[in-house]
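In: sharing a model prediction with you, sequence too.
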Amino acid sequence: MGVRTRIAALAALALTGSLLFAGQADAGGNHSGLRPVATGLDGPRGVSTYKNQVIYSVTDGSVYATDGHKTWKLGTVPGTGGFPPAIDTSNRGVTYALTGAGGEPGQPPVPGSSTLYKLWRGKAVKVADIAAYQAHDPDPYDLENNPTDSNPFGVAALADGTVLVSDAAGNDLLRVWPNGHLATVARLKPRTVTVPPGLPPEFGLPPAGSKVPAEAVATSVTVGSDGYWYVGELRGVPATPGTSEIWRIRPGSVGAVCDPENPSKGSCKRYADGYTSIVDLAGGPHGKLAVVELAKASWLQFELTGKPQVGALFLQTRGHRIELAKDKLILPAGAAFSRRGDLYVSGPVFGPGAVYQVR
């Protein structure tokens, strides 16, 4: 089962109410190190900032902005399939929303899914159909016999008006121009990992301890204070903890290759390693990167158990990282820095949740 199918399956489980989430009663409360900014949200995911505004997305595809005094709706995108869109806001105040591969596993995609939108005057304006592009840009390193699969998952608005999109099924980073033109910036190659213990036979994997290739699953993208483009990985089946990487890509690159076997060569170089199930990145001041892990035990353990999982938020600088709000985040989904350096995080991505400022 591909990563696109598994993420859709997670969303379907949440929608049927078969998952219960720890800490929901505390979603609007005051955790040590977390100050609620927006509460009572249904599946908050994307987070961005503009001036004094915090902008966020929720399950039905709606995107809101709040300045601490009032909250208003920027628009709603179609095609979410029950999974909230990724968002980012440009330095000119334009918010983009990205839908993934919406729909039930094995069924045709929901109309409007796998699409980049611009929210303009309360409406969602289509910029580009990501799946249509990927249908003609097959992944040469595909392991699932579906090289043209697409599940756009991460978005970053650039200062020149173009937009970066990371595709979790295509395992690549794309660049989108305002006229809808696309180009492939970089491809992420699979990595050889060790099969963890406790996986059921249905996966058809060799015994625990065996070495197998696993796809990169490019879930996240951001721009660092150095201007470079950073991409984070989830890690495909068997989702071995500690094998998710962050790649640093030279701006303007086309056709770069991010290779775990040669991580220090070319226009795409490995910046950090040892993460688990990264779902978002946020570039901050002074070389800081915020790194969001959906579940410390891995996304696959979340799916297999159906139980709430503790996620994580890290602050990464070159060669060093620290965990923020340790063990206080359940299934976190998105993060963003403000221009003055304040950090925000959202979650849980399924069920009642909130957006917090991290203290």
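Out: That came through, no problem. Numbers count the residues shown, from 1 in each chain.
In: which parts of the stretch 151-300 of the chain are helices?
Out: 299-305 (DSSP state H, counting those that start in this stretch).
In: poorly predicted segments of it, please.
Out: Within the stretch 151-300 of the chain, no stretch has pLDDT under 70.
In: repeat that with 90
Out: Residue ranges of the stretch 151-300 of the chain with pLDDT under 90: 201-204.
In: how about the strands in it?
Out: 152-157, 163-167, 172-176, 182-188, 191-194, 211-214, 218-223, 229-233, 244-249, 256-258, 268-275, 278-283, 289-293 (DSSP state E, counting those that start in this stretch).
In: out of the ones you listed, flag the one nearest residue 92.
Out: With CB to CB as the measure, strand 152-157 is the member of those nearest residue 92 (8.7 Å). C-betas here are computed from N, CA, C, even on glycine.
In: now do the most centrally placed residue in the chain against residue 168, distance only.
Out: The C-alpha lying nearest the average C-alpha coordinate of the chain belongs to residue 279 (CA atoms, centre = their mean; 3.6 Å). Using CB to CB, to the nearest Å, residue 279 is found at 9 Å from residue 168.
In: just to revisit the earlier point, let me have the strands of the stretch 151-300 of the chain in TSV, extended by distance to residue 304.
Out: Below are the strands of the stretch 151-300 of the chain laid out as TSV (distance: least, CB to CB, whole Å):
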stretch	distance to residue 304
strand 152-157	21
strand 163-167	25
strand 172-176	27
strand 182-188	25
strand 191-194	17
strand 211-214	16
strand 218-223	19
strand 229-233	20
strand 244-249	18
strand 256-258	28
strand 268-275	20
strand 278-283	18
strand 289-293	17
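In: what do residue 279 and residue 168 both touch?
Out: 153, 219, 234 (CB atoms under 8 Å, 6 or more residues apart in numbering).
In: now the first one: how far from residue 66?
Out: Look at residue 153 and residue 66: by CB to CB, they are 24 Å apart.
In: and for residue 253?
Out: 35 Å.
In: who has more neighbours, these two?
Out: Using other CB atoms under 10 Å, the more surrounded residue of residue 253 and residue 66 is residue 253, with 19 against 16.
In: once you drop chain neighbours, what's closest to that one?
Out: residue 267 (4.3 Å; CB to CB, 6 or more residues apart in numbering).
In: the one you found: what's it in contact with?
Out: By CB under 8 Å, 6+ apart, the contact list for residue 267 reads 186, 249, 250, 253, 256.
In: again with residue 182
Out: By CB under 8 Å, 6+ apart, the neighbours of residue 182 are 128, 130, 133, 174, 175, 176.
In: chain neighbours aside, what residue packs nearest to it?
Out: Nearest one to residue 182, counting by CB to CB, 6+ apart, is residue 133 at 4.6 Å.
In: can I get the strand or helix carrying that neighbour in CSV, CA atoms only?
Out: Assigned by DSSP states H and E, residue 133 belongs to helix 130-134. This file holds the C-alpha atoms of helix 130-134, laid out as CSV (Å, rounded to 0.1, in the frame of the first residue of the first chain):
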residue,chain,number,x,y,z
ILE,A,130,0.0,19.2,-9.4
ALA,A,131,-1.2,15.6,-10.2
ALA,A,132,-1.6,16.5,-13.9
TYR,A,133,2.1,17.6,-14.0
GLN,A,134,3.3,14.5,-12.2
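In: buried set for that helix?
Out: By 16 or more other CB atoms under 10 Å, the buried positions in helix 130-134 come out as 130, 131, 133, 134.
In: now swap in stretch 278-294 and tell me
Out: Those would be 278-284, 288-294, for stretch 278-294 by 16+ other CB under 10 Å.
In: for it, measure first residue to last.
Out: 6 Å (CA to CA, to the nearest Å).
In: hang on, the residue nearest to the centre of the chain packs against residue 294?
Out: Yes - Residue 279 lies in contact with residue 294 (CB atoms under 8 Å); the separation is 4.6 Å.
In: overlap in contacts of the two?
Out: 234, 332, 333, 349.
In: can you list those residues in JSON lines and add neighbour count?
Out: Formatted as JSON lines, those follow (neighbours: other CB atoms under 10 Å):
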{"residue": "234", "neighbour count": "28"}
{"residue": "332", "neighbour count": "28"}
{"residue": "333", "neighbour count": "28"}
{"residue": "349", "neighbour count": "28"}
